[in-house]
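Novice: Fold the following, please.
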Amino acid sequence: MKITVVGTGYVGLVTGACLAEVGNHVLCLDVDPAKIALLQGGGIPIYEPGLEAMVKRNAAAGRLSFTTDIPAAVAHGDIQFIAVGTPPDEDGSADLQYVLAAARAIGRYMPAERIVVDKSTVPVGTADKVKAAIAEELALRECALPFAVVSNPEFLKEGAAIEDFMKPDRIVVGVEDARAAEKMRRLYAPFQRNHDRLLVMDIRSAELTKYAANAMLATRISFMNELALLAETLGADIEQVRQGIGSDPRIGYHFLYAGCGYGGSCFPKDVQALLRTAAENQMPLRVLQAVEAANEAQKQVLLQKITAHYGADLRAKHFAVWGLAFKPNTDDMREAPSLTLIAGLLAAGAQVTVYDPVAMDEARKRLPVSPQLHWASGMEAALQAADALVIVTEWKEFRSPDFGLLARQLTDKTIFDGRNLYPAAAMVEAGLTYFPIGRAAVRHPAIGQ
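Specialist: Residues are numbered from 1 along each chain as shown. You can find the predicted model right below:
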């Protein structure tokens, strides 16, 4: 098939590369000339395991190409994916200007029948707006070309997007046209050869499914984070609680890890957008309101543990921070808990040295320029001159460090662990003071209470 993908961000680039991987001819369109030049030169603008190799392989095979030429892109694909950004507006609603601009461009230049697929995360009712925008452009051309609009939300986990696309657990397609449904079924047939994963539903249900899925996962995270705070107060261990409830098949283990709050491009934005949609329809989502409030509070927990231990004035302290991205296997810094933590440490007067395996460049764009803020070349280099270590992102290389080295390097022999990476016994053996989340702290006698 010939396919056009409008937008070469995270969703658009993964979609285009994966569709090309199974033999389709894909043209990716973006209005940013620098991004297209980078892609045409063999680079990619984001970090995602396996994506760069896939892009290069399919570009070399002639199945994947990139352009800023809007008419050429609209002319290329019988199926036109809209995969542009939907950033939050000032009121929390999704900003649809880029989606509707893409729709208008398709209507302005389409030479024949087209299937237009909303891949961007969009509020319920967006397909109607896309349809209206295309119809308006066709009317201006005095042209009666047929077209169908489809909702096909993405369910890609950053850090595992290639596997999620190539081996999906479900493919949601919202349609009102039987021919479009059949075309989408043929498009996705290579990704579901062992059994049918395609869920065909009405368009509005498909649009809501994406928001509902992310809201449910965000709810699980915030619920566990609140339970973790209660566990600390009661003297319980949230890790044991997690295993106890996760073993119930009605609950399961996924998204039950306590931590220092969720971030990223999806959960915060999609929770806000769903709350806004509910408010506009006089249907407040009280549980989701609490989820958002709990997450904002959880982002302060690490700083609260630090100031409870050291006091509010941190001018005499130097902290090493391991992990800046909102999760491992990505360089995404959007809404990352590290931003909240580091801002708080700097405001309290602390010196801070940061390290992340992948996200250092992105972090430089989002963290302030400050004489208190230092950038390390590696995890051990970050420990130099540090009094304490703070772990924010659970990268694999942080899971089994040399605890003896940590005890020797850290002046105060203290770790604040926002991801509960280490067993208490190892901390005791190494002589470290250790503050996890939702579990009892380990206070080494030599350090004091």
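Novice: Just say helix, strand or coil for Ser282.
Specialist: Just to correct that, residue 282 is Gln rather than Ser. coil (DSSP: H, G, I helix; E, B strand; the rest coil).
Novice: Just the local confidence number for it, please.
Specialist: Note on Gln282: pLDDT of 96.
Novice: Over to Asp89?
Specialist: 82.
Novice: number of nearby residues for it?
Specialist: Using other CB atoms under 10 Å, Asp89 has 14 other residues around it. C-beta here means a position set from N, CA and C on the backbone, and glycine is covered the same way.
Novice: just Met1 next, same as before
Specialist: Using other CB under 10 Å: Met1 sits among 14 other residues.
Novice: How about the contacts made by it?
Specialist: Asn24, His25, Asp78, Ile79, Arg186, Leu187 (CB atoms under 8 Å, 6 or more residues apart in numbering).
Novice: rerun that using 6 Å as the cut-off
Specialist: By CB atoms under 6 Å, 6 or more residues apart in numbering, the residues touching Met1 are Asn24.
Novice: What of Ile79?
Specialist: Per CB under 6 Å, 6+ apart, neighbours of Ile79: Ile3, Ile115.
Novice: If we use 8 Å, what do you get?
Specialist: By CB under 8 Å, 6+ apart, the contact list for Ile79 reads Met1, Lys2, Ile3, Thr4, Arg114, Ile115, Val117, Lys183, Leu187.
Novice: With Val99 instead?
Specialist: Neighbouring residues of Val99 by CB under 8 Å, 6+ apart: Ile82, Val84, Thr86, Asp118, Ser120, Val122, Thr126, Lys129, Val130.
Novice: let's see 6 Å
Specialist: Val99 makes contacts with Ile82, Val84, Ser120, as judged by CB under 6 Å, 6+ apart.
Novice: now His318
Specialist: By CB under 6 Å, 6+ apart, the neighbours of His318 are Gln351, Ala385, Ala386, Asp387.
Novice: most surrounded residue in these?
Specialist: Within those, neighbour counts (other CB under 10 Å) peak at Ala386, which reaches 24 neighbours.
Novice: Buried members of the contacts of Ile79 into ChimeraX, please.
Specialist: Entered in ChimeraX, the line below selects the buried ones among the contacts of Ile79, by 16 or more other CB atoms under 10 Å:
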select :3,4,114,115,117,183,187
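Novice: Which of the contacts of Ile79 fall in strands?
Specialist: Among those, the members found in strands (DSSP state E) are Lys2, Ile3, Thr4, Arg114, Ile115, Val117.
Novice: Going by distance to Leu256, which of these wins?
Specialist: Taking CB to CB as the measure, Leu256 lies nearest Val117 of those, at 33.5 Å.
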